[in-house]
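# dropping a prediction and its sequence here:
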Amino acid sequence: MNNSSSADGCDKTSSKDKLLEKMKKLKELHLKRNEARQLNHKEVVEEDKRNKLPANWEARKRKAEWILNDEQQRNDASEKGEDYDRTKLLNVSALEAERLDRRKKKKNPDQGFADYEQATIRQYNRLVKNIKPDMNDYDRQREKLGDAFYGGRNTILHGLQKDTKEGIDRMVNDLEKQISKREKYSRRRTHNDDADIDYINDRNMKFNKKLERFYGQYTTEIKQNLERGTAV
């Protein structure tokens, strides 16, 4: 009888332990589920934020970080009395320097003369890019001139503003740069007056030269027949 009671007590204890163990596991599963739900919700929110960012956000972020780091290194070098640009070049390998040079040439917006409209647009964009307005002087002039500052159709602009010495020097420097650049182009681009004119601009001339180089030997007879008027 005692043995039977003891066995029943052990069974009850064992069942209770199993139940407690199951409850513990169930609680752990609930905690893990809640944690996974929170992480999932957080990830959804972060993904939604990323989707709302501009397409080039990551590139802009990396560029901003690089600029801040470069400025910090430049300031550190200045405090040490070092030439930052020279120190920076010492850490650039030959392959990296060549790659940067190729990238710089590739990004050069000046692809040569195509037509006067494109040349004017390039000149305008270059001049606008180099403008560094003085906002304080801008506000002073606007307050001083009032409505005349915006130059309406009935406004006589002559004599309202006086050119500063800095502005005149800046214009002179820009003109000197333009003259120097034209001299380089005139030396580089030689023209043969005796050559046949079969192009409408420089870009078309280069294209025709490429065609002649690759297909000239196959089209010589056709061109001669067309010039004589005997082509079929």
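Done, it's in.
# please make it C-alpha for all contacts and neighbour counts, starting now.
OK.
# least trustworthy helix or strand in the chain by mean pLDDT?
Lowest on mean pLDDT, DSSP states H and E among the helices and strands of the chain sits helix 94-106, with a mean of 73.
# any idea how far that helix is from the chain center?
Distance of helix 94-106 from the chain centroid (CA atoms, centre = their mean, to the nearest Å) equals 16 Å.
# against which helices or strands is it packed?
Using 3 or more CA pairs under 8 Å, 6 or more residues apart in numbering; DSSP states H and E as the contact test, no helix or strand touches helix 94-106.
# Gln141 versus Ala97, what's the distance?
46 Å (CA to CA, to the nearest Å).
# same question, Leu19
As judged by CA to CA, Leu19 and Gln141 stand 86 Å apart.
# show me what contacts Lys132?
Contact analysis of Lys132 by CA atoms under 8 Å, 6 or more residues apart in numbering lists nothing.
# phi first, then psi, for it.
phi -130, psi 90 (degrees, to the nearest 10).
# and what of Ile200?
Phi and psi for Ile200, reported as degrees, to the nearest 10, are phi -110, psi -20.
# next: Asp163.
Torsion angles, degrees, to the nearest 10, at Asp163: phi -70, psi 140.
# renumber starting at 7 from here on
Noted, 7 is the first residue going forward, which turns the last one into Asp169.
# what's the burial count for it?
8 (other CA atoms under 10 Å).
# before we move on, what about Ile228?
Applying other CA under 10 Å, I find that Ile228 has 13 neighbouring residues.
# how much space separates it from Asn210?
In terms of CA to CA, Ile228 sits 20 Å off from Asn210.
# repeat for Ile174
Ile174 is 39 Å from Asn210, by CA to CA.
# quick one: low-confidence parts of this structure?
7-18, 111-120, 157-158, 160-166, 191-200, 236-238 (pLDDT under 70).
# all helices for it, in order.
8-58, 63-86, 90-96, 100-112, 122-136, 141-151, 171-194, 208-234 (DSSP state H).
# can I assume Cys148 is in contact with Met141?
One correction, residue 148 is Arg, not Cys. No - when contacts are counted by CA atoms under 8 Å, Arg148 is not listed as touching Met141 (10.4 Å).
# these two: who's more crowded?
Arg148 (14 against 9).
# what sits against the more buried one?
Arg148 neighbours (CA under 8 Å, 6+ apart): Phe155.
# let's see 10 Å
142, 154-156 (CA atoms under 10 Å, 6 or more residues apart in numbering).
# whichever of those residues end up buried, select them in ChimeraX.
For anyone working in ChimeraX, the buried entries among the contacts of Arg148, judged by 16 or more other CA atoms under 10 Å, can be selected with:
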select :155
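# as CSV, the contacts of Arg148 with distance to Asp82 would be great.
Listed next are the contacts of Arg148 as CSV, based on distance: CA to CA, whole Å:
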residue, distance to Asp82
Asn142, 31
Ala154, 48
Phe155, 44
Tyr156, 45
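# pick the one among the contacts of Arg148 closest to Glu88.
Glu88 lies nearest to Asn142 out of those, by CA to CA, at 34.2 Å.
# would you mind measuring from the closest one to Val50?
Distance, Asn142 to Val50, by CA to CA: 46 Å.
# Arg234: how many residues sit nearby?
Neighbours around Arg234, by other CA under 10 Å: 9.
# what separates it from Glu227, distance-wise?
11 Å.
# kindly report the same for Ala201.
19 Å.
# who has more neighbours out of these two?
Shown here are Ala201 and Glu227; by other CA under 10 Å, Glu227 has more neighbours (12 against 7).
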